[in-house]
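Asker: Next come a sequence and a model predicted from it.
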Amino acid sequence: MQGTKLPTYLLPVLGLILLALGACRVDIDHEIWISADESGRARISTSIVLPVVDDQMDIEESLGKDNALDELAARVRATEGAELTKLDKESSSINDEVTILYYMEFTFNNLQTLQKIICLEPDKGISHVKKGKERTLSIDPHQFSLQSADEYQEYLSFFDMNMSLKLHLPYKTKEVIPEYSGSKKQKSLEWEFILDEDWYADEQHVITIKY
């Protein structure tokens, strides 16, 4: 499958950390705001949490020399109907951990444009149907570019990898399939996924929302 993945320049550094310490966490977050006309905005972030080591400055410099979302940002710039509004990175340390955070924000004119940007293939991952006053949104996080594990499959058993999806809808939900664990009839929904062997053993994880 083609698509934007965790950049390959991160892999040698993370590999060395795993060999030395056996500890690393990668968090991938998608937060999407959808308006009544299907336009909206999105914030995408990837964070890498590492234990503090003696040569911490060298590791931070290696991870921070580029932005892990540069490829995705380039896709936004090249997609008609989308506009990149922010692309940045930052680092912070708490106790014995350091976090390198890469994030970007962009606007989109419709859900097809959003699909072209965040999904592995431009015609898969997101669909939206309107019948009368009812709208049905289907979204498959398995199609998100950033969760594709092709380039770091060999490290999968060592990484603590997680992904979250937050959706902000223009109207309250009527039904969510699979059944949503949070309160019903709300505008904001959130899911968290563990990206492990079980996750990648499945070919899809479609979420359907009627509102």
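Answerer: Great, that's in hand.

Asker: So for the closest residue in space to Asp96 that isn't next to it in sequence, what's the pLDDT?
Answerer: Spatial nearest neighbour of Asp96, excluding adjacent residues (Cβ to Cβ, 6 or more residues apart in numbering): Val52 at 5.1 Å. To be clear about C-beta, it is placed using only N, CA and C from the backbone, and glycine gets the same treatment. Here the pLDDT value assigned to Val52 is 71.

Asker: What's the local residue count around Val52?
Answerer: Neighbour count of Val52, defined by other Cβ atoms under 10 Å: 13.

Asker: Kindly report the same for Ala78.
Answerer: For Ala78, the neighbour count with other Cβ under 10 Å is 10.

Asker: Next, give phi and psi for it.
Answerer: Ala78 adopts backbone torsions of phi -90, psi 0, taken as degrees, to the nearest 10.

Asker: re the thing from before, can you tell me how far the residue nearest to Asp96 is from Leu146?
Answerer: Distance of Val52 to Leu146, computed by Cβ to Cβ, to the nearest Å: 26 Å.

Asker: And Phe159, by the same measure?
Answerer: Separation of Phe159 from Leu146 (Cβ to Cβ): 14 Å.

Asker: Show which residue of the protein lies farthest from the average position.
Answerer: The C-alpha centroid of the chain is most remote from Gly132, which lies 31.7 Å away (Cα atoms, centre = their mean).

Asker: Report the beta-bridge partner residues of Ser91.
Answerer: Under the criterion DSSP bridges, Ser91 forms beta bridges with Ile100.

Asker: please renumber so the chain begins at 894
Answerer: Sure, I'll start counting at 894 from here, so that last one is Ser984.

Asker: Let me see the contact set for Ser1057.
Answerer: Contact partners of Ser1057, counting by Cβ atoms under 8 Å, 6 or more residues apart in numbering, are Asp920, Ile921, Asp922, His923, Glu1083, Trp1084, Glu1085, Phe1086.

Asker: give me the beta-bridge partners of Trp1084?
Answerer: Listed by DSSP bridges, the beta-bridge partners for Trp1084 are Leu1058.

Asker: Any idea how far apart the tips of stretch 1018-1031 sit?
Answerer: Taking Cα to Cα, to the nearest Å, stretch 1018-1031 runs 8 Å from one end to the other.

Asker: ugh, wrong one, I meant stretch 1014-1026
Answerer: Counting by Cα to Cα, you get 29 Å between the two ends of stretch 1014-1026.

Asker: Wait, a helix at Glu964?
Answerer: Yes - the assignment for Glu964 is a helix, going by DSSP: H, G, I helix; E, B strand; the rest coil.

Asker: Now for this protein, the helix or strand with the poorest mean pLDDT.
Answerer: Lowest on mean pLDDT, DSSP states H and E among the helices and strands of the chain sits helix 903-914, with a mean of 51.

Asker: Isn't Gln1008 up against Leu1030?
Answerer: No - contact criterion Cβ atoms under 8 Å: Gln1008 and Leu1030 do not qualify, at 11.5 Å.

Asker: Give the intersection of the neighbour lists for these two.
Answerer: Common contacts of Gln1008 and Leu1030 (Cβ under 8 Å, 6+ apart): Ile1019.
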